[in-house]
Structures are given as structure tokens and as C-alpha cells.
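**Q** fold the following for me, if possible:
(chains A and B)
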Amino acid sequence: GENVEQHPSTLSVQEGDSAVIKCTYSDSASNYFPWYKQELGKRPQLIIDIRSNVGEKKDQRIAVTLNKTAKHFSLHITETQPEDSAVYFCAANSGNTPLVFGKGTRLSVIA
Amino acid sequence: DAGVTQSPTHLIKTRGQQVTLRCSPKSGHDTVSWYQQALGQGPQFIFQYYEEEERQRGNFPDRFSGHQFPNYSSELNVNALLLGDSALYLCASSWGPGNTEAFFGQGTRLTVV
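**A** Alright, predicted model coming up:
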């Protein structure tokens, strides 16, 4: 089955700097890659997703890149703000398989 | 338009007891997936229900069972509770069982003492 590895587990950046979180997946059949943000005590919320027919997707300060050959995808947050502090999870799945999540990255944005 | 709702929000049970958690999917969604999230970990897939049947199951023992009703709502049942079952239980709904956008409920925090 699918296995998703996520790095780093913790990340601290200064406000205004960029943050990058990386994930690798094992199942070459995976074709959907969402990213979720989970604030303390709250539900995971989808912030951006990408499908295997594109290599990059942007939404304001957030972007995701996908390298199908290397089987890895990354989340990029530019101009970080204190409200970006949260735990971020990557996930992957294919067809009718369930989402498999990484273990999460705790991002701290220092003002 | 209500999102995914789960009940109860918090629950304390004793080892050996049984528990039932409930989930109502987002309007228009017909598929419900359940996840267990231990502290500091990512969500782990338990099972998925579509058309009132369990379609997929993760690596969880038979103590974990579920049900989906005709209105697409779902229940998660856990029997013979263990201390290790303490976790946040998340329900996610989607339109169809495939790789579509999944919306999570706020979760049920289960504590087994």
C-alpha cells in the first residue's frame, strides 16, 4: 500500500521568510495530493491540492509542486505570518483508495 | 450549508467499555471515512463507507466497526476499549469514494481510563 514520508517534523521560520515542507510517496499509482492545515484543537482543513496531471499549483502565498518521476511533492509558503503557525499534513491517494497521511510538520512562525 | 458534524466532541470511557461515535457528512456528500489521530501523529485510516457498505479498511482490529445509514450519516463503534484507543477520531466526507476533496469534522476526543 501507499506510504507517505514527511519532512521536517518541526520547522521554525522568521515572519516574512518562506517555509518549505516536503513529502515522498511510494505508490506510483497515486494521483491526488492534498495538503491540510491543523490548528491546535481544530479539524484538519484542506489548504491546497494537486493532481498528477500538473506540476505546480499556486494560491496566493501557498504553492505546491509535484515531481512524479521522483515521487515527491512539496508545500511552499511565502511571506509567512504568525497565523500560518500550525501542523501541516500532506496526503496521497489513487483512484478508490483512502488518503494516506504523512506524520505532520509543526510550523512555528516567529514574529 | 452545514459542514461535517461529529458527536460527541469529548468522551471519557473506561477500559473494556464500548463506544459509539457519530458523523453527519457535508450536504451533498455520500461517502464517509473514519480516521484515528493519536497525539502528535497524522490521521490513520480506519475504514470508509459508501452506499451503506464498508468499502475499504485500514489496519485496525475487528473491535472497530461501523455503519452507514440511508441518509449517509455514519457511526463508528469500538468494543472492548483499550487505553491505546485514546485519540482524536475524525470523520471525513466526500462526494464519491475516489480521490476527491475530503472535508473533516471537528473530531471526537476519546479518552480511555
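
**Q** all strands for the chain, in order.
**A** I went with chain A, as the question did not name one. A:4-7, A:10-14, A:19-25, A:32-38, A:45-51, A:56-59, A:62-67, A:72-77, A:86-92, A:100-101, A:105-110 (DSSP state E).

**Q** the chain in question should be chain B.
**A** Along chain B, counting by DSSP E, strands occupy B:5-7, B:10-13, B:19-24, B:31-37, B:44-50, B:53-57, B:64-68, B:74-78, B:87-94, B:103-104, B:108-112.

**Q** roughly how far does B:Thr100 sit from A:Ile77?
**A** 24 Å (CB to CB, to the nearest Å). In short, each C-beta sits where N, CA and C put it, glycine included.

**Q** who's more crowded, those two?
**A** Legend: neighbour count by other CB atoms under 10 Å in any protein chain shown for B:Thr100 and A:Ile77, higher for A:Ile77 (25 against 14).

**Q** which residues pair with that one across the strands?
**A** Counting by DSSP bridges, A:Ile77 is bridged to A:Ala19, A:Ile62.

**Q** just the pLDDT at it, thanks.
**A** Here, the pLDDT recorded for A:Ile77 equals 98.

**Q** again with the one 4 residues further on
**A** In the prediction, the pLDDT value recorded for A:Gln81 is 97.

**Q** ok, now the one 3 residues further on?
**A** A:Asp84 is assigned 98 on the pLDDT scale.

**Q** tell me where the model's unsure across chain B.
**A** B:1-2, B:99 (pLDDT under 70).

**Q** please name the nearest non-neighbouring residue to the residue nearest the centre of it.
**A** Nearest to the mean C-alpha position of chain B, counting by CA atoms, centre = their mean, stands B:Trp34 at 3.2 Å. Nearest residue to B:Trp34 in three dimensions, chain neighbours excluded: B:Ile46, at 4.3 Å (CB to CB, 6 or more residues apart in numbering or on different chains).

**Q** tell me the contacts of A:His72?
**A** By CB atoms under 8 Å, 6 or more residues apart in numbering or on different chains, the residues touching A:His72 are A:Lys22, A:Cys23, A:Thr24, A:Tyr25, A:Leu66.

**Q** by neighbours, which of these wins?
**A** Busiest of the contacts of A:His72 [other CB under 10 Å] is A:Cys23, holding 26 neighbours.

**Q** could you report the distance from the residue nearest to it when sequence neighbours are not counted to A:Leu11?
**A** Leaving aside its sequence neighbours, A:Cys23 sits nearest to A:Cys90 (CB to CB, 6+ apart; 3.8 Å). Per CB to CB, A:Cys90 is found 13 Å from A:Leu11.

**Q** joint contacts of these two?
**A** A:Ile21.

**Q** these two: who's more crowded?
**A** A direct count of neighbours by other CB under 10 Å for A:Cys90 and A:Leu11 places A:Cys90 higher, at 29 against 17.

**Q** in this structure the more buried one contacts A:Phe33, no?
**A** Yes. Using CB atoms under 8 Å, A:Cys90 is in contact with A:Phe33, at 6.8 Å.

**Q** sorry, back to before: can you put the strands of chain B in JSON lines and add distance to A:Asp59?
**A** Below are the strands of chain B laid out as JSON lines (distance: least, CB to CB, whole Å):
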{"stretch": "strand B:5-7", "distance to A:Asp59": "27"}
{"stretch": "strand B:10-13", "distance to A:Asp59": "33"}
{"stretch": "strand B:19-24", "distance to A:Asp59": "28"}
{"stretch": "strand B:31-37", "distance to A:Asp59": "24"}
{"stretch": "strand B:44-50", "distance to A:Asp59": "26"}
{"stretch": "strand B:53-57", "distance to A:Asp59": "29"}
{"stretch": "strand B:64-68", "distance to A:Asp59": "33"}
{"stretch": "strand B:74-78", "distance to A:Asp59": "31"}
{"stretch": "strand B:87-94", "distance to A:Asp59": "20"}
{"stretch": "strand B:103-104", "distance to A:Asp59": "17"}
{"stretch": "strand B:108-112", "distance to A:Asp59": "30"}
